[in-house]
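Undergrad: kindly return the folded structure for what I paste below:
(2 chains)
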Amino acid sequence: MLRLLNLELQKLLLNKTSKVLIFISFILPFFIILLSSLKINVFGFFTLELGELGIFNFPIIWHLTTFFAAQFKFFFAIVVVSMIGNEYSNKTIKQNLIDGLSKKEFILSKFYTIVFFSLVSSLLICLLSLCIGLYYSSYTEASIIFQETEFLLAYFIKLMGFFSLCLFFGILAKRSAFALAFLFILFILEWITFGLITWKFNADIAEKIQNFFPLKSMHKLIDQPFQRIAMSKFPDKETLAYDYAVHWHEIAIVMGWTALFVFLSYRLLKHRDL
Amino acid sequence: MEPILSINNLTKKFGHITAVNNLSFTINKGNVYGILGPNGSGKSTTLGIVLNVVNKTHGEFHWFDGQTSTHDALKKVGAIIERPNFYPYMTAVQNLKLVCKIKGVAYDNIDEKLKIVGLLERKNSKFKTYSLGMKQRLAIASALLNDPEILILDEPTNGLDPQGIHQIREIIKNIAAKGTTILLASHLLDEVEKVCSHVVVLRKGVKLYSGRVDEMISSHGFFELQCDNIPDLTKTLKEHPAFGTIKIEGNTVRAFLNEPMESQTLNKLLFDKGIVLSYLIQRKESLEEQFLQLTDNQPSTI
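TA: Numbering: from 1, shown residues only, chains lettered A, B, ... in the order given. A predicted model of the protein is given here:
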C-alpha cells in the first residue's frame, strides 16, 4: 500500500502544475479561514471581527470550517482528473502496466492518494478549527469542544466521495477537460431529474430521491451553516429551524457511491485495450 | 530447454477484424527471437496481450513455468513497445526511480544502465528535452533496470536516423552477447537477420513459420550466372536434373538448386559443354527473399 502511495506521490509532487493546485486546495482555505478569524480594521471606519458574532464558538465552528473548506475541493478535483488524463496523454499508463503494475494496483494507487489527501485535508482543518476555536470560543470544556466533530468525518467522506467520482470520470473520459465537463453535466442532470420528479409528483418526494444522487448526497453531508447561525441569533423563529446534523445514512450513501465509483473505474480499465 | 513464454491458440478480435488468429509459439531461454511481419500483421497486438495491456479474445499464454501471475512475471521482463513513454516533467533518473518502484528493485542499477546506453552525462535533464534517439535509449535503460530474463523490443529503431539506428543495434547486440533472451518485433528484415537466431513469421495474424532463421525454407540456394551465350546456358541448365526454376533477369541467369551442388562442379560442367562463364556466384536466399517466398506461397486468408 505504501509502495503504491509512494509511486503516485512521486508522479504528483514532481509535476509543477499539480503541486500548485495541491497547494491552493489545501493552503488557500486554511488562510481564508485564518484571515477571517482575525480582527480586520476596514479603513479605520469600523472594525470587522467575525469572532464577535459567535460563529467561532464550539461546536458550531466544526460545521462552519468544514463547510467552507469543502468549497475548495474543486482545485484538488482538477488534480485528480489530470492525474488520469496525463497518464493517458503521456501513454505512461501503458508503460506502467508493462513495467509490472497490475490494473488493480494502478487504480488503487490513485485511490490511496485520494484517501491520503482527504485525510491530510481533514487533519489540517481539525487543527485549524481547534486553534481558532480555543482562541475565540466562550466554552472550552472538552465535552463541548468535541461535540459535533462528526462534521470532520463528514468532511473526509465528502472529499473522498467527490474525488472518487472525479477518478471515475477521469478514467471514463481519458482527458481532463472532458472529465470536468462530465462533472458539470452530472450536476445539471441531477437538477433536471429533480425538476422532472417535482413536476410529476411533488417537491417532497423529489428531494428525498435527489438525496440519493451522487453530487447531492455529498452536498447534503454538510448542510449550509448560514441558517444555523441565523437560528442561533433568533432562537424564537421556528421557521428557521432545519435539520443540519450529519446522519449515518448520509454517510452510508456517500460511502456506497465511493465504493461503486472505484469499482467501476477498475472494471472500465480492466476491459479496455490500451 | 527452459521456456520463458508459451502462447497457445491466442486470438484477438477488434470487432470484425481478427488481429491475431489462433497463434501458438514458445520462446525458450537464451535465444534471440524475431517476430517478423508486415505492418498490421498482429505483431504489436500479440506483444500487447502478453504484456497485459491488450485483452485477449480467447486462447492462453503463460510466462515462465506458468505459476506466476502476468503482472508479477512482467517484473522479470524488460519491454519497450512503440514509442518511449515517460513522464516529460521528470528527469531521466526520476523516471527510472519510478520504474524501480514499480518493479520493486533497488536504485543501485540506475547509473550502470544509463552508462550502457550512453546517457549518464544527461541523467539529470528532463525527459522532454531529449531527442527521439535519446528517448529510445532511455527506454532501453529502463527495460534493463531489473536485469530481465527476457527483453522485448517492438520496432526499436522506428523513426530513428541512421546513427540512432546503429547505436540501438549495437546496444541490442551487446545485450544479446551477454546471453539475455531477446524478442524483437520488426518489419525490417535485415534488422532481424542481423541479430536473430530464431524467427516467427506472421501475416494477417496467422503464423506462417516459426523456427530457426536458416531453416526457414528448405532450399539449397541458387547460382547467379553471366555469359555471352545465354540461350545455350539456359538450355543446358534446364536439361540438368539438379536445377529447378531458371530465371533470367537482364543478362543474369538465376538457377535455383533442387539438390546440393558445388560451384566448381557447375563451372566444370558448363566449361565441358563449351560455355564460358564471365560471372559465377552461389548464394542462399536472403531473409527478405525467403520471407517474400513464404508470404507469396500462402493462399490469402481474410
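
Undergrad: which helix runs longest in the chain?
TA: All of this is about chain A. helix A:103-136 (DSSP state H).

Undergrad: meant chain B, my bad for not saying
TA: Under DSSP H, chain B gives helix B:162-177 as its longest helix.

Undergrad: give me the buried positions along the longest helix of chain A.
TA: By neighbour count on 16 or more other CB atoms under 10 Å in any protein chain shown, the buried set for helix A:103-136 is A:103, A:105-115, A:117-118, A:121-122, A:125-126, A:128-130, A:132-133, A:136. Placement of C-beta: from N, CA and C, glycine included.

Undergrad: what about chain B: which of these touch it?
TA: A:103, A:105 (CB under 8 Å from any CB of the partner chain).

Undergrad: for B:Leu208, list the residues it contacts.
TA: Residues near B:Leu208 by CB atoms under 8 Å, 6 or more residues apart in numbering or on different chains: B:201-202, B:294-295, B:298.

Undergrad: most neighbours among the residues you listed, which one?
TA: Within the contacts of B:Leu208, B:Leu202 tops the neighbour count with 25 neighbours, counted by other CB atoms under 10 Å in any protein chain shown.

Undergrad: could you look up the SS state of it?
TA: Recorded secondary structure, B:Leu202: strand (DSSP: H, G, I helix; E, B strand; the rest coil).

Undergrad: so what's it closest to, chain neighbours aside?
TA: In space, B:Leu202 comes closest to B:Gly37 once its chain neighbours are excluded; the distance is 3.7 Å by CB to CB, 6 or more residues apart in numbering or on different chains.

Undergrad: separation between that neighbour and chain A?
TA: Distance from B:Gly37 to chain A, counting by CB to the nearest CB, to the nearest Å: 19 Å.

Undergrad: phi, psi of residue 249?
TA: No chain in the question, so chain A it is. phi -70, psi -30 (degrees, to the nearest 10).

Undergrad: wait, chain B
TA: Per degrees, to the nearest 10, the backbone of B:Glu249 is at phi -120, psi 110.

Undergrad: rewinding a little: next, the angle helix B:162-177 makes with whichever helix or strand comes after the longest helix of chain B.
TA: Using DSSP states H and E, the helix or strand that follows helix B:162-177 in sequence is strand B:181-186. Angle of strand B:181-186 versus helix B:162-177, following axes from the mean of the first three to the mean of the last three CA atoms, to 10 degrees, is 150 degrees.

Undergrad: name the residues of the next helix or strand after strand B:181-186 that are buried.
TA: Following strand B:181-186 in sequence order, the next helix or strand is helix B:189-195 (DSSP H and E). Across helix B:189-195, burial judged by 16+ other CB under 10 Å covers B:189, B:191-193, B:195.

Undergrad: of the residues you listed, list those near chain A.
TA: Within those, nothing lies near chain A by CB under 8 Å from any CB.

Undergrad: show me what from the stretch 51-200 of chain A comes close to chain B.
TA: Proximity of the stretch 51-200 of chain A to chain B is confined to A:86, A:90-92, A:94-103, A:105 under the rule CB under 8 Å from any CB.

Undergrad: for the spatially most central residue of chain A, give me its contacts.
TA: Centroid check for chain A by CA atoms, centre = their mean gives A:Leu159 as the closest residue, at 2.9 Å. By CB under 8 Å, 6+ apart, the contact set of A:Leu159 is A:70, A:73, A:76, A:114, A:117-118, A:121-122.

Undergrad: of these, closest to B:Gly30?
TA: Of all these, A:Ile114 has the smallest distance to B:Gly30: 45.3 Å, by CB to CB.

Undergrad: which residue packs closest to that closest one, ignoring adjacent ones?
TA: A:Phe163 is the one closest to A:Ile114 (CB to CB, 6+ apart), at 4.2 Å.

Undergrad: pLDDT value on the one you found, please?
TA: Per-residue pLDDT puts A:Phe163 at 95.

Undergrad: that one belongs to a helix, doesn't it?
TA: Yes: counting by three-state DSSP, A:Phe163 is found in a helix.
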